[in-house]
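Asks: what follows is a predicted protein model with its sequence.
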Amino acid sequence: MTLHQSSSRRRISPALLSALLASAAFIPSAHAEPAEPPLPAIQVSPAPKKPNQHLPKNRKRVDAKPKPAEASAASANLPNNLVTSPTTIPTPVSQIASSITVITAKDIQDTQRRTVPDLLQTVPGLNVAPNAPGGLTSVFIRGANSYHTKVLIDGIDVSDPSSPNRAFDFGPLTTFGLEQVEVLRGPQGGLYGSDAMGGVISMTTKTGNGAPQWSTLLEGGSFGTFNQATSVSGSTSDTRYAFTTSHMRVDSTPVVPLSSLPPGQKRNNDFYDNLTFHGKVSHDFSEMFSVNAVARYTDAHLRYTESDGFNPVTFATVPNPIQSRSDSKQFNGLVEGVFKLLDGRFNNHVGVTYTDVQRNTTDPYGPPFYGSDTPNSSYHGDRAKVYWRSDLALVRGQTLVTGVEHETERGRIDQAVFNIPVAAGSIQNLGSYAELQSNFFDRLFIVSNVRHDQNDHFGGHDTFRVAPAIVIPETGTKLKASYGTGFHAPSIDQLYSTNPAFGVVSNLNLKPEESKGYDYGFEQALFNKRLQFGGTWYHNSFNNLIESFQPVPTDPTLFSYENVALATTHGLEAFTSFALTESLTLRGDYTHTIATDDTKHIALKRRPAHKWSAQAKWAATDKLTLTATALWISSWSDADATGATVRAPGYQLLNLAANYKVDQNWSVFGRIDNVLDRHYQNPLGFEKTGIGVYGGLRFVTN
């Protein structure tokens, strides 16, 4: 499936925008893993810098950075929020022209979202297609495919080299230990190279600061949920450390729609178990040199229901009576040295990152081992990247960022029925980039970058981005715009995929998918920033999109991946936030998305045209915080059990959360998800749970 453009493009009138902003202010604030519908085929940041600490007067912290403010969702656009993903160096959001959403550790604690897919559901410009906990989950930014999103944790690219399109599966990703999440929208190839066609999601974990601190969380609730998390962090005069261990277990999640089961067949609920360890250590050897190290390991197990059967009457797939299994292990690591020269005006990062992903799937009804526990398919991919990145303060208000990185990906996909690798190979890429970040009189801010990638398969490719913003402090106004390009390098599966049984042959001549996009908008603050609102219009076009099972030009009896698809997305993102009092804030967001396949002239699947979200946060007392979050999704195009294209009905959600601080060490919390007990499917064939009740305890040392 491709990104396509509709023949009659809709435009948003100023009157409609005003009405949307006005209404938002009053809103209380995989499994049988489905193939992701591509954009006609369409589906972070460098290592974060560390917060300042109290050091002896004769010491300077290498790679110092102010600690990001703990802002609520309603204040995510305030000037004191610092972000790194748009530029790689800490910059106030008020100076950034790119569209970005910031979610802090305080937001995660207040809303009690335990998985990243749940956390991202209300972010403007995103559509999250989640399955049950741990199931295959795709995130679409501004209508692009999910593999058009660059995903980073502490600067490490965590995408899977062995997945069909190098996409990152958000299903196993929990929020325990996260300090900040940045969602950067629009093509970012000029800084990040391949895969950042739709945007970047960059996550930063906690960094140790101050006296040793220990925290423990225990939580239980509906569907057999039992979660535990423990962390310890702190710092000395020259060393910072933070370690988090978490365990998530959900014993019984109903996912298969009862209406899809054959008469007399019982539904088997999903089971998921996730153990994750994360550690971060930094040490200053001198005023000029420090070393950072990061390690993350996840061991996850999912039992789910495949649909291998076939109903000869309805031509629909039928759920299996015995569950399938998916077991995955992922390791991510980073080691870098930081050299601080010219009294801190010239900072250099030299390091290496490594990602290793291994997955096995077992389907008792899949060939060739029917009824066996022997895995039918196995996937193994790894990525090693060596990099140098620097930032140089040229003169006041002018910073030059440069970098070079060499990356090697290797992957192997085995399906037992064929007795040979379905895909196996490696890809090497050398990328270099330069960026100028400019500040003129604290009113005009411009970020411009350019990058060249040299790939051992398709050769060279250039990308760029420019993003100017004008800030008028006298009126509280910001005007912003950006234009950029992006690309997706063919994955190992797309280059090397072979399947003799179906006449599928590899295609080593694939070109990269390409995109270009622009946006423009405004943000306005009134009443001493108590009221803020804004809107951003965007447009993206995609070409050379890769589709599978295309006839080989030289031999129509054979099939392979080919660059054949085109797509277009455009729309509007609007927000308004209002601090009614010092203790009560409201925020509303609206997203309008038109995503079309320009080859088939149809809507892209799983891209709702309308999305509203709202949040109300009330600090009722010094000890009690209450949060209400509402989400409304319009209908979208999807495929039913027969493979036919249909309209999936929209849905509404309301979640409530309460946090109460008993004393300086103990807190109790609870939440009710899906308060209205809505039953819906997203995507079709995957039922979402009704009302769920959860509660727990948190202990934190002083």
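Replies: Looks like it arrived, so ask away.

Asks: from Y433, how far out is S541?
Replies: 23 Å (Cβ to Cβ, to the nearest Å). C-betas here are computed from N, CA, C, even on glycine.

Asks: and those two? Which one has more around it.
Replies: The neighbour comparison of S541 against Y433 (other Cβ atoms under 10 Å) goes to Y433, with 23 against 17.

Asks: my guess is that one contacts T402. True?
Replies: Yes - at 7.1 Å, Y433 counts as touching T402 under the criterion of Cβ atoms under 8 Å.

Asks: where does pLDDT dip in the stretch 201-350 of the chain?
Replies: Within the stretch 201-350 of the chain, not a single segment meets pLDDT under 70.

Asks: ok, now the stretch 1-150 of the chain?
Replies: In the stretch 1-150 of the chain, residues with pLDDT under 70: 1-80.

Asks: show me what contacts the residue nearest the centre of the chain?
Replies: Taking Cα atoms, centre = their mean, the centroid of the chain lies closest to I201, which sits 4.4 Å from it. The contact partners of I201, taken as Cβ atoms under 8 Å, 6 or more residues apart in numbering, are V44, L120, V139, I141, T149, K150, V151, L152, V181, E182, V183, L184.

Asks: tell me if it really is in a strand.
Replies: Yes - according to DSSP: H, G, I helix; E, B strand; the rest coil, I201 belongs to a strand.

Asks: show me what A579 bridges to in the sheet.
Replies: T585 (DSSP bridges).

Asks: hang on, the earlier thing: partner residues bridging the residue nearest to the centre of the chain?
Replies: Following DSSP bridges, I201 is listed with bridge partners V151, V183.

Asks: secondary structure element for A481?
Replies: Using DSSP states H and E, A481 maps to strand 477-488.

Asks: contact partners for I153?
Replies: So I153 contacts V44, M203, T204, T205, R296, N332 (Cβ under 8 Å, 6+ apart).

Asks: what's the distance between F533 and T585?
Replies: For F533, the distance to T585 equals 14 Å [Cβ to Cβ].

Asks: S378 now?
Replies: On the measure of Cβ to Cβ, S378 and T585 end up 49 Å apart.

Asks: kindly report the same for T122.
Replies: Taking Cβ to Cβ, one finds T122 at 15 Å from T585.

Asks: okay, those two: which has more neighbours?
Replies: It is T122, of T122 and T585, that has more neighbours when counted by other Cβ under 10 Å, with 25 against 21.

Asks: ok, the closest residue to F285 other than its chain neighbours - contacts?
Replies: Excluding the flanking residues, the one nearest F285 by Cβ to Cβ, 6 or more residues apart in numbering is V291, at 7.0 Å. The contact partners of V291, taken as Cβ under 8 Å, 6+ apart, are S282, H283, F285, V335, E336, G337, V338.

Asks: for these, which two are the farthest from each other?
Replies: F285 and V335 (14.1 Å; Cβ to Cβ).

Asks: which parts of this protein are helices?
Replies: Using DSSP state H, the helices of the chain run over 14-24, 105-111, 116-120, 189-192, 492-496.

Asks: mind giving me the packing neighbours of the fourth one?
Replies: It stands for helix 189-192. For helix 189-192, the elements it packs on are strand 421-440, strand 444-455, strand 459-472, strand 477-488, judged by 3 or more Cβ pairs under 8 Å, 6 or more residues apart in numbering; DSSP states H and E.

Asks: which of the ones you listed sits closest to L558?
Replies: strand 421-440 (15.5 Å).

Asks: ok, the residue nearest to A609 when sequence neighbours are not counted to L430 distance?
Replies: The shortest distance from A609 to any non-neighbouring residue, by Cβ to Cβ, 6+ apart, is to S634 (5.4 Å). Separation of S634 from L430 (Cβ to Cβ) stands at 44 Å.

Asks: what's the burial count for A316?
Replies: The burial count for A316: 17, using other Cβ under 10 Å.

Asks: ok, it - contacts?
Replies: By Cβ under 8 Å, 6+ apart, A316 lies in contact with S260, F310, D640, A641, T642.

Asks: repeat the analysis, applying 10 Å as the threshold.
Replies: Counting by Cβ atoms under 10 Å, 6 or more residues apart in numbering, A316 makes contact with S260, S307, G309, F310, D640, A641, T642, G643, A644, G685.

Asks: if we take those, which one ends up nearest to L510?
Replies: Nearest to L510, judged by Cβ to Cβ, of these is G643 at 25.9 Å.

Asks: I figured the closest one hits T317, correct?
Replies: Yes - using Cβ atoms under 10 Å, G643 is in contact with T317, at 8.4 Å.

Asks: between the two, who's got more neighbours?
Replies: T317 (19 against 9).

Asks: near the nearest residue to that one once chain neighbours are set aside, how many other residues are there?
Replies: Excluding its sequence neighbours, the residue lying closest to T317 (Cβ to Cβ, 6+ apart) is S307, at 4.0 Å. Look at S307: counted by other Cβ under 10 Å, it has 18 neighbours.
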